[in-house]
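1. A predicted structure for the sequence below; I have some questions about it.
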Amino acid sequence: MNGRRLRHRLEYAAFLSVISSLRIIPVPVQRLVSWLMATLACRVLPKKLTRYHIAFDNIRQAFGDEYSDAEVDRIIFDMWQHLFRLVSEVVQFPKQITMENTFERIQFRNREDAVCALVSGRPVILLSGHFGNWETSVTSFGVFGFQLGVVARALDNPYLDAWFERFRESTGHTIINKGGARAAIEARLAEGRHVAILADQDAGHRGVFIDFFGRPASAYPSVAQLAMRNDALIVMGCGIRQPDDAHQGSWVRYEVSCEDVIDPRDYDRDTGIEEITQRFSAALESAVRRAPEQYFWIHRRWKTRPADEQTVGRAA
């Protein structure tokens, strides 16, 4: 056995030990553990290691002076707490989100719009961002029999990758490896089937610039291109954890929302790519504004700048 395989097996064994514990701990303990981990990330570890300053700058760029420095710090702390809770909740999904108890765990926002799209006979691109618990929507759609091709990046550890593949496929979905996914997505949409994609990261200079929180951001045009080529509806949605309530029962509650349904037939082929990309980005922004602590602020969303800004910067 080579060193890499041994490391992968040891990582997997540690992972199984952790999730075995997470499956049985009650919500109050989840909250306590997540608070302790967020304290470690925000108050103990070096800020460079946890990308604190990136998150701080991103929130400040997004909201301007709407929040004080102390409030921005609280959003970052709550973001880490949310992410640690997310892990605990995901591993409990198989027993907590089922056909029998879905409506105890999840409330739906604009459910009819999403269902009408899914039963329209046309392919659907279910779109979300790194916000809330993006696995919640995928799981709930699977519970109700809407099978998706879920685009996800393959993990370096093959044992972990296989675990997450089994987890996502347990509700009837199919995993599409993000590396070279375009052909597989095209084939699925051409057959009238649905796909689920996260699309809110910086697209570099290959992207189209849209307005996101009042600033130009580079976004991938591929979602709009796929929709227009395959006559696919775009359903922009997310899964947002609801505030904790001591009287709500033994588990957390989520809102699975349909923020917008976009029909490429409504757009001109010459201008539609940018207009559609702007529209679903605006829908994501609207959702993030409702719960900013549940957005993944540590990725550089505004990293790539438009050419005119770069020209001004060099001239200065």
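-> Nice, thanks for sending it over.
2. can you give me phi and psi for C238?
-> Dihedral pair for C238: phi -160, psi 170, per degrees, to the nearest 10.
3. Look up which residues are beta-bridged to it.
-> S257 (DSSP bridges).
4. what's the neighbour count on L36?
-> The burial count assigned to L36 is 12, neighbours taken as other CB atoms under 10 Å. In short, each C-beta sits where N, CA and C put it, glycine included.
5. what are the ranges of the helices in this structure?
-> For the chain, the helices defined by DSSP state H cover 3-22, 27-39, 52-63, 69-96, 102-105, 111-118, 134-143, 158-169, 182-190, 222-230, 272-290, 307-315.
6. how much space between R74 and F146?
-> To F146, R74 is 37 Å away according to CB to CB, to the nearest Å.
7. Check M228 too.
-> Between M228 and F146 the computed distance is 23 Å (CB to CB).
8. out of the two, which sits in the busier spot?
-> F146 (20 against 17).
9. Nearest spatial neighbour of that one, chain-adjacent residues omitted?
-> L118 (5.3 Å; CB to CB, 6 or more residues apart in numbering).
10. swap in Q81?
-> Using CB to CB, 6+ apart, the nearest residue to Q81 is A38, at 4.0 Å.
11. That neighbour and R85 touch, don't they?
-> No - taking contacts as CB atoms under 8 Å, A38 lies outside contact range of R85: 9.3 Å.
12. average pLDDT across stretch 34-46?
-> The pLDDT scores in stretch 34-46 average 95.
13. Which residue would you name as the spatial centre of this protein?
-> H130 (3.0 Å; CA atoms, centre = their mean).
14. got the contact list for that one?
-> Contact analysis of H130 by CB atoms under 8 Å, 6 or more residues apart in numbering lists 198, 200-201, 295-296, 299.
15. go with 6 Å
-> The contact partners of H130, by CB atoms under 6 Å, 6 or more residues apart in numbering, come to 200, 296.
16. The one 4 residues further on now?
-> Residues in contact with W134, defined by CB under 6 Å, 6+ apart, are S128.
17. try it again with 8 Å
-> 128, 198, 238-239.
18. quick one: which two of those residues are the most distant?
-> For the contacts of W134, the farthest-apart pair by CB to CB is L198 and G239; their separation is 12.1 Å.
19. For the two, indicate the residue with more neighbours.
-> G239 (22 against 17).
20. about what we covered before: contacting residues around the residue nearest to Q81?
-> 77-78, 80-81, 84.
21. if I look at it, how far off is L32?
-> 11 Å.
22. same thing with F56?
-> Taken as CB to CB, the span from F56 to L32 is 26 Å.
23. ok, and which of the helices of the chain has the densest surroundings?
-> Neighbour counts (mean count of other CB atoms under 10 Å) averaged over each of the helices of the chain peak at helix 134-143, with a mean of 22.
24. In CSV, list the C-alpha atoms belonging to it.
-> The C-alpha trace of helix 134-143 is given here as CSV (Å, rounded to 0.1, in the frame of the first residue of the first chain):
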residue,chain,number,x,y,z
TRP,A,134,-27.4,23.9,-0.8
GLU,A,135,-27.8,20.2,-0.2
THR,A,136,-31.3,20.8,1.4
SER,A,137,-32.9,21.7,-1.9
VAL,A,138,-31.3,18.8,-3.7
THR,A,139,-32.4,16.3,-1.0
SER,A,140,-36.0,17.6,-0.8
PHE,A,141,-36.4,17.4,-4.6
GLY,A,142,-35.2,13.9,-4.5
VAL,A,143,-37.6,12.9,-1.7
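25. Quick check: closest non-adjacent residue to I59.
-> V72 (5.0 Å).
26. Oh, that last question was meant for D245, not what I typed.
-> That would be R253: by CB to CB, 6+ apart, it lies 7.7 Å from D245.
27. can you pull the contacts of the one you found?
-> 105-107, 241-242, 245.
28. before we move on, what about W80?
-> Contacts of W80 by CB under 8 Å, 6+ apart are 37-38, 41-42, 50.
29. from these, which single one is nearest G64?
-> C42 (22.3 Å).
30. so how many other residues sit close to that closest one?
-> 20.
31. Repeat that for I24.
-> Each residue near I24 was counted by other CB under 10 Å, and the total is 8.
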